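Asks: generate a structure from the sequence data that follows.
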Amino acid sequence: MKFVTTACFGTLLAASALSTPAYAQDEPSSPLTLSGGIDLVSDYRFRGISLSNEKVAVQPSLTLEHESGIYVGAWGSTLPDSPLYGKFELDLIAGYSTEIAPGTSFDINATYYVYPDGESSAGPSDYIEFIGTLSHDIGPVSASGTVAYAPDQSSLGDDNIYLNLGLSTGIPNTPVSLSANLGYTDGSLGGVSADGNYLDWSLGASYSYEIFTFSVQYVDTDVKKTGVKAVDTLYDPTVVFTLGVAF
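Replies: Residues are numbered from 1 along each chain as shown. I've put the predicted structure just below:
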């Protein structure tokens, strides 16, 4: 509809130009928005668990969004080399986001987790997850609830559900924002715990300056210790530092 309206308006301008002086016209805005960035993190934590073996990771992202709310994107992270996952995770995302009421937004997407250089002989590793998030502003605080569901797939062996509640707010007249999250995993992705489920939580603060953001986040879980240090360190409480650049 916008394309038709713009085309008709352009035709009228061309016709009127025969009898009226021509004036410079503003470039029509594009219905598409491209954004992205790259983060350097001290530890890649996914739902409380370290996927980088507590090592530094580089995480680029790119999103193309249409004014209708439909978007596609890609997010990636370096990984410690392993036969199953290789050295890189690539998340391919397609979704829809909209404001359903003043201060209330809804987002739904499908995320496909891909490990491009993982060895097929080590077993299947790629899987898909469906994620829905409802956000609402309560005064200066933004509250969100997320439900993520991964159906039974060969790489998972069973289905998985993840629930998350989040709060965020900005400190008035400063570039500082605060956040808190509580998550619950139940299913095959909760394999770090004996019963397949666990809680994770985080508290964070971030500082933004122009295109740069620096954040610090405390991350922890309630996963019980196994006594194997190499495993236990993957979900030990930690502080994650992030330096990001956006465009």
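
Asks: for the residue nearest the centre of the chain, what are its contacts?
Replies: With distances taken as C-alpha atoms, centre = their mean, W75 lies nearest the centre of the chain, 7.7 Å away. Applying C-beta atoms under 8 Å, 6 or more residues apart in numbering to W75 gives the contacts 59-62, 90-91, 93. To be clear about C-beta, it is placed using only N, CA and C from the backbone, and glycine gets the same treatment.

Asks: same list, those residues, but as CSV with distance to S206 and secondary structure please.
Replies: As requested, the contacts of W75 are arranged in CSV below (distance: C-beta to C-beta, whole Å; DSSP: H, G, I helix; E, B strand; the rest coil):
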residue, distance to S206, secondary structure
Q59, 15, strand
P60, 19, strand
S61, 16, strand
L62, 21, strand
L90, 25, strand
D91, 21, strand
I93, 22, strand
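
Asks: buried only: go through the residues you listed for me.
Replies: Those of the contacts of W75 that meet the buried threshold are 59, 61-62, 90-91, 93, by 16 or more other C-beta atoms under 10 Å.

Asks: now, which of these sits nearest Y207?
Replies: Taking C-beta to C-beta as the measure, Q59 is the one of those closest to Y207, at 18.5 Å.

Asks: what's near enough to touch the closest one?
Replies: Contacts for Q59 were tallied using C-beta under 8 Å, 6+ apart; they are 38-41, 44, 75-78.

Asks: try 7 Å this time
Replies: Shown in contact with Q59 (C-beta atoms under 7 Å, 6 or more residues apart in numbering): 38-39, 41, 75-77.

Asks: kindly report the same for P80.
Replies: Contact partners of P80, counting by C-beta under 7 Å, 6+ apart, are 52-53, 55.

Asks: strands along the protein, start to end?
Replies: Counting by DSSP state E, residue ranges of the strands within the chain are 32-41, 45-46, 49-50, 57-66, 70-82, 86-101, 104-114, 127-138, 141-150, 160-170, 176-187, 197-209, 212-221, 238-246.

Asks: now distance to K229 too, for those, in TSV please.
Replies: Formatted as TSV, the entries for the strands of the chain read as follows, by distance: least, C-beta to C-beta, whole Å:
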stretch	distance to K229
strand 32-41	22
strand 45-46	18
strand 49-50	13
strand 57-66	21
strand 70-82	16
strand 86-101	24
strand 104-114	27
strand 127-138	28
strand 141-150	29
strand 160-170	26
strand 176-187	22
strand 197-209	19
strand 212-221	16
strand 238-246	15
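
Asks: dump these to a markdown table, plus distance to V228 and mean pLDDT.
Replies: Formatted as a markdown table, the entries for those read as follows, by distance: least, C-beta to C-beta, whole Å; pLDDT from 0 to 100:
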| stretch | distance to V228 | mean pLDDT |
| --- | --- | --- |
| strand 32-41 | 25 | 97 |
| strand 45-46 | 19 | 97 |
| strand 49-50 | 14 | 96 |
| strand 57-66 | 23 | 98 |
| strand 70-82 | 17 | 97 |
| strand 86-101 | 24 | 97 |
| strand 104-114 | 26 | 98 |
| strand 127-138 | 25 | 98 |
| strand 141-150 | 26 | 98 |
| strand 160-170 | 23 | 98 |
| strand 176-187 | 20 | 97 |
| strand 197-209 | 17 | 97 |
| strand 212-221 | 16 | 98 |
| strand 238-246 | 18 | 98 |
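
Asks: those: which one's closest to V231?
Replies: Of all the strands of the chain, it is strand 49-50 that lies closest to V231, at 10.5 Å by C-beta to C-beta.

Asks: cheers, nothing more for now.
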